[in-house]
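**Student:** Turn this into a model:
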Amino acid sequence: MVAKKKILVIDDSAFMRRVISDIINGDSRCEVIGTAANGEDGLKLLKHLKPDVITLDIQMPIMDGLTMLKTMKQKYDIPVIMMSTLTKEGALETIQSLELGAFDFVAKPDNIFKVNSQEIRTELIEKIMTATQSRARYESSQISTPISKPEKVQVLTDRPRVSHVRDKVTKLVAIGTSTGGPRALQYVLPYLPKDIEAGIVIVQHMPPGFTKSLADRLNNLSEIQVKEAEDGEQILNGTAYIAPGDRHLMVKQKGNQYVIHLSDGPKNGAHKPSVNEMMTSLAEISIPHVIGVVMTGMGADGREGVANLKQKREIHIIVQEEASCVVYGMPKAIVEAKLADEIIPLDQLAKVITKKVEVL
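**Tutor:** Here you go, the predicted structure:
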């Protein structure tokens, strides 16, 4: 008989502790082995409990979730799933928790009585099970250095850099990622040169309300501009556009310009935004050069879209190597389908992307 996964639940609300515990205990593969009302009590429990995963509220009295996460990371490599509020402050703190090494997060609905919905149940259990299955990789993929303004990677090319024309986009870099992506993107975008001669479009699986905080954080760290994508805006060189959490991002052509189209269409599989939708849209435009990048994440979103692209046009596909992925799902799907042209470690992705853009 397979041992149940042991979960520690930390939340200042007795109601939330009960609901989250009921969800977890309702799955035969999991059991709650302890609960705590704040981070200080949670740290005390860690001294004698050995959970496989922790669910952790962010806003708590005495010791909040971010402080507990920062403290426990000094001694424990236990995957943590943050329980995040749908507020501007909650979104910012969620991004900070992912920077600190949280495995993933689940957004609490505005109405707390909807926490027990089937959608939340499915999402929480799926992320708990993925965290336990990926624990060894999760531990080895953690980068010990803190997130800060990084030193820029110097990329040497065989030709002099031409003058940078922001309006004339002839190259696109399309990035798809999911679990582990917010942290991984911070080891890619800040290392791209501000005058990179390509526009960048990004799908990061996230619910609505969180992608704006992610874009703002990445923009603060980067020389390129990083923003949440807006419908109808023209794609410019040196700018990265992150799909909003509740819209598909597609690229459309208007004359010799390329613009963002945000669709409120149905989910593709379980995802909105979807990497498949973004990649497939690139097959319908005549831009000369496209580079696809698939990074850490659960599932196989991106495989179908990349396959569509490969059938219709020449495209170079780069995937993040297994060892540096928090979850080796999306890159694995590309590799197993024999769609990958290069497999690159996370800390080399920016250099490879920049060199590839410049030598096309």
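**Student:** alpha carbons only for contacts and neighbour counts from here, please
**Tutor:** Fine.
**Student:** ranges for the helices of the stretch 201-350 of the chain?
**Tutor:** Using DSSP state H, counting those that start in this stretch, the helices of the stretch 201-350 of the chain run over 211-221, 275-281, 303-312, 330-336, 349-359.
**Student:** In CSV, list the ones you listed along with mean pLDDT and mean neighbour count.
**Tutor:** Below are the helices of the stretch 201-350 of the chain laid out as CSV (pLDDT from 0 to 100; neighbours: other C-alpha atoms under 10 Å):
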stretch, mean pLDDT, mean neighbour count
helix 211-221, 96, 21
helix 275-281, 97, 25
helix 303-312, 95, 18
helix 330-336, 98, 22
helix 349-359, 93, 18
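**Student:** how about low-confidence regions in the stretch 101-250 of the chain?
**Tutor:** The stretch 101-250 of the chain contains residues with pLDDT under 70 at 111-113, 135-167.
**Student:** buried ones in stretch 337-347?
**Tutor:** When burial is assessed from 16 or more other C-alpha atoms under 10 Å, stretch 337-347 yields the following buried residues: 339-340, 343-344, 346.
**Student:** cool, and stretch 318-327?
**Tutor:** Using 16+ other C-alpha under 10 Å as the test for burial, stretch 318-327 gives 318-322, 324-327.
**Student:** gap between it and the chain center?
**Tutor:** 12 Å (C-alpha atoms, centre = their mean, to the nearest Å).
**Student:** Show residues contacting it.
**Tutor:** Under the contact criterion C-alpha atoms under 8 Å, 6 or more residues apart in numbering, stretch 318-327 has outside partners 103, 130, 134, 137-138, 140-142, 179-180, 291-298, 328, 331-332, 334-335, 340-346, 349.
**Student:** With stretch 176-190 instead?
**Tutor:** 95, 98-99, 101, 103-104, 147, 149-150, 152, 202-206, 214, 218, 221-224, 275, 293-298, 302, 325-327, 330, 346-347, 349-350.
**Student:** can we see that at 6 Å?
**Tutor:** Residues outside stretch 176-190 that contact it (C-alpha atoms under 6 Å, 6 or more residues apart in numbering) are 99, 202-205, 221-222, 275, 294-297, 326, 350.
**Student:** from those, which is closest to Pro51?
**Tutor:** Checking these against Pro51 by C-alpha to C-alpha gives Val326 as the nearest, at 18.7 Å.
**Student:** Quick check: phi and psi on that closest one?
**Tutor:** When read as degrees, to the nearest 10, the backbone of Val326 gives phi -70, psi -40.
**Student:** how far away is it from Thr55?
**Tutor:** 17 Å (C-alpha to C-alpha, to the nearest Å).
**Student:** Convert stretch 208-224 to PDB, retaining C-alpha atoms only.
**Tutor:** Extracted C-alpha coordinates of stretch 208-224, given in PDB (Å, rounded to 0.1, in the frame of the first residue of the first chain):
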ATOM      1  CA  PRO A 208      -6.300  36.800 -13.400                       C
ATOM      2  CA  GLY A 209      -5.000  39.500 -11.100                       C
ATOM      3  CA  PHE A 210      -1.400  38.100 -10.700                       C
ATOM      4  CA  THR A 211       0.200  38.700 -14.100                       C
ATOM      5  CA  LYS A 212       0.300  42.500 -13.700                       C
ATOM      6  CA  SER A 213       2.400  42.100 -10.500                       C
ATOM      7  CA  LEU A 214       4.600  39.600 -12.200                       C
ATOM      8  CA  ALA A 215       5.200  41.900 -15.200                       C
ATOM      9  CA  ASP A 216       5.900  44.900 -13.000                       C
ATOM     10  CA  ARG A 217       8.500  42.900 -10.900                       C
ATOM     11  CA  LEU A 218      10.200  41.600 -14.100                       C
ATOM     12  CA  ASN A 219      10.200  45.100 -15.600                       C
ATOM     13  CA  ASN A 220      11.900  46.500 -12.400                       C
ATOM     14  CA  LEU A 221      14.700  43.900 -12.800                       C
ATOM     15  CA  SER A 222      15.200  44.100 -16.600                       C
ATOM     16  CA  GLU A 223      16.700  46.400 -19.100                       C
ATOM     17  CA  ILE A 224      14.100  45.500 -21.700                       C
END
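**Student:** Just confirm Pro208 contacts His248, I think it does.
**Tutor:** No. Counting by C-alpha atoms under 6 Å, Pro208 does not reach His248; the two are 11.6 Å apart.
**Student:** what about those two, which has more around it?
**Tutor:** His248 (24 against 17; other C-alpha atoms under 10 Å).
**Student:** Report pLDDT for the residue nearest to Glu284 when sequence neighbours are not counted.
**Tutor:** Leaving aside its sequence neighbours, Glu284 sits nearest to Lys252 (C-alpha to C-alpha, 6 or more residues apart in numbering; 7.8 Å). According to the per-residue confidence, Lys252 scores 97 in pLDDT.
**Student:** and Lys252, what are its bridge partners?
**Tutor:** Beta-bridge pairing of Lys252 under DSSP bridges involves Val259.
**Student:** Is there a neighbour count for it? I'd like the number.
**Tutor:** Other residues within reach of Lys252 by the criterion other C-alpha under 10 Å amount to 19.
**Student:** now swap in Pro61 and tell me
**Tutor:** So Pro61, with other C-alpha under 10 Å, has 13 neighbours.
**Student:** and it, backbone torsions?
**Tutor:** The phi/psi pair for Pro61 (degrees, to the nearest 10) reads phi -80, psi 170.
**Student:** Next, find the distance separating the nearest residue to it once chain neighbours are set aside from Leu56.
**Tutor:** Nearest residue to Pro61, sequence neighbours excluded (C-alpha to C-alpha, 6+ apart): Asn38, at 6.4 Å. From Asn38 across to Leu56, the span is 9 Å (C-alpha to C-alpha).
**Student:** try Ile242
**Tutor:** Noted for Ile242: a distance of 27 Å to Leu56, by C-alpha to C-alpha.
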